[in-house]
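Engineer: The sequence and its predicted three-dimensional model are supplied below.
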Amino acid sequence: MGDAILYDYWRSSASYRLRIALNLAGIEYTTERVDLMKGEHKSPEHLARNPQGFVPVLEIDGLRLTQSLAVLDYLDDTRNLGLLPKDPGLRARARALAHSVAVDVHPVCNLQVAKYATQLSGGAAGMPKAWMQHFIRPGLEAFEALLTDFDQAPFCIGDTPGLADICLMPQLYNARRWQADFKDMPRICAVEAACAAHPAFAAAYPDQVR
């Protein structure tokens with residue numbers, strides 16, 4: 001394996017993003033498991049790596065990097081992945097598409113947020129599933145509408161996978177997990193099929209690395 005180390009949890013959406021990008025870049029890496037269900041992300045050892053207590057953490061090029069979107073930018077800048085278009089206007093719109101799920105949907109659908117909402121509700125029936133569905137489907141509906149602004153062929157923006165695809169696929173995994181239906185969204189379904197057939201995405205799929 002390579003010198004890069006990914007501190008990872010198999011179901012973490014943010015970790016899933018980095019696995020895809022590392023695969024796209026052809027970077028060999030060693031995985032160190034941080035079991036969120038066992039609370040290992042709050043251990044002194046992991047907090048020394050990332051004071052926020054989150055995964056992923058990527059050690060690469062003599063650096064220790066946190067926050068998946070920032071790490072994706074680093075990998076794009078240093079490995080020339082072409083995750084965003086060159087044109088400034090299209091680049092901004094493509095970044096907004098990716099952020100619509102990574103920044104707006106994912107944080108409120110983090111499991112610790114949903115668990116806290118369940119606690120505040122007094123354990124209301126259907127929680128946290130109802131919480132997840134409340135946010136995931138509208139977020140995907142907006143993503144589907146935003147895709148009309150781009151030349152989807154077959155990925156979100158053109159014929160190569162980019163930042164939006166990397167951010168979308170983990171959210172679709174969560175949508176299926178929590179039964180937030182999106183089968184009536186043909187653009188998203190087409191992107192999902194293209195990504196699922198791509199080796200870098202297939203190898204990063206949570207059920208492949210658990």
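Structural biologist: Thanks, I have it.
Engineer: After the helix ranked longest in the chain, which helix or strand is next?
Structural biologist: Criterion DSSP state H: the longest helix present in the chain is helix 129-146. Going down the chain from helix 129-146, the next helix or strand is helix 163-177, by DSSP states H and E.
Engineer: Only C-alpha atoms, please: export that following helix in PDB.
Structural biologist: C-alpha atoms of helix 163-177 as PDB (Å, rounded to 0.1, in the frame of the first residue of the first chain):
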ATOM      1  CA  LEU A 163     -17.100  17.000  -7.600                       C
ATOM      2  CA  ALA A 164     -20.900  16.800  -7.900                       C
ATOM      3  CA  ASP A 165     -20.900  13.100  -8.700                       C
ATOM      4  CA  ILE A 166     -18.500  12.500  -5.700                       C
ATOM      5  CA  CYS A 167     -20.900  14.400  -3.400                       C
ATOM      6  CA  LEU A 168     -24.100  12.900  -4.800                       C
ATOM      7  CA  MET A 169     -23.300   9.200  -4.600                       C
ATOM      8  CA  PRO A 170     -22.900   9.000  -0.800                       C
ATOM      9  CA  GLN A 171     -26.200  10.900  -0.400                       C
ATOM     10  CA  LEU A 172     -27.900   8.300  -2.700                       C
ATOM     11  CA  TYR A 173     -26.600   5.500  -0.500                       C
ATOM     12  CA  ASN A 174     -28.100   7.300   2.500                       C
ATOM     13  CA  ALA A 175     -31.400   7.800   0.600                       C
ATOM     14  CA  ARG A 176     -31.700   4.100   0.000                       C
ATOM     15  CA  ARG A 177     -30.700   3.300   3.500                       C
END
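Engineer: Distance from the chain centre to the longest helix of the chain, please.
Structural biologist: 15 Å (C-alpha atoms, centre = their mean, to the nearest Å).
Engineer: How far off centre is the host helix or strand of Tyr7?
Structural biologist: Using DSSP H and E, Tyr7 sits within strand 4-8. In terms of C-alpha atoms, centre = their mean, the centre of strand 4-8 is set 15 Å apart from its chain centre.
Engineer: Tell me which strands that strand pairs with, and in which orientation.
Structural biologist: strand 29-33 (parallel), strand 57-60 (antiparallel) (DSSP bridges).
Engineer: which one of those strands is the most hemmed in?
Structural biologist: Counting by mean count of other C-beta atoms under 10 Å, strand 57-60 has the highest mean neighbour count of those, with a mean of 22. Glycine gets a C-beta too; all of them are placed from N, C-alpha and C.
Engineer: contact partners of that strand?
Structural biologist: Applying C-beta atoms under 8 Å, 6 or more residues apart in numbering, the external contacts of strand 57-60 come out as 3-7, 18, 27, 29, 46, 49-50, 64-66, 71.
Engineer: Are there helices or strands packed against the least confident helix or strand in the chain by mean pLDDT, and which ones?
Structural biologist: The helix or strand of the chain with the poorest confidence is helix 111-120; it has a mean of 84 (mean pLDDT, DSSP states H and E). Packed against helix 111-120 by the contact rule (3 or more C-beta pairs under 8 Å, 6 or more residues apart in numbering; DSSP states H and E) you find helix 129-146.
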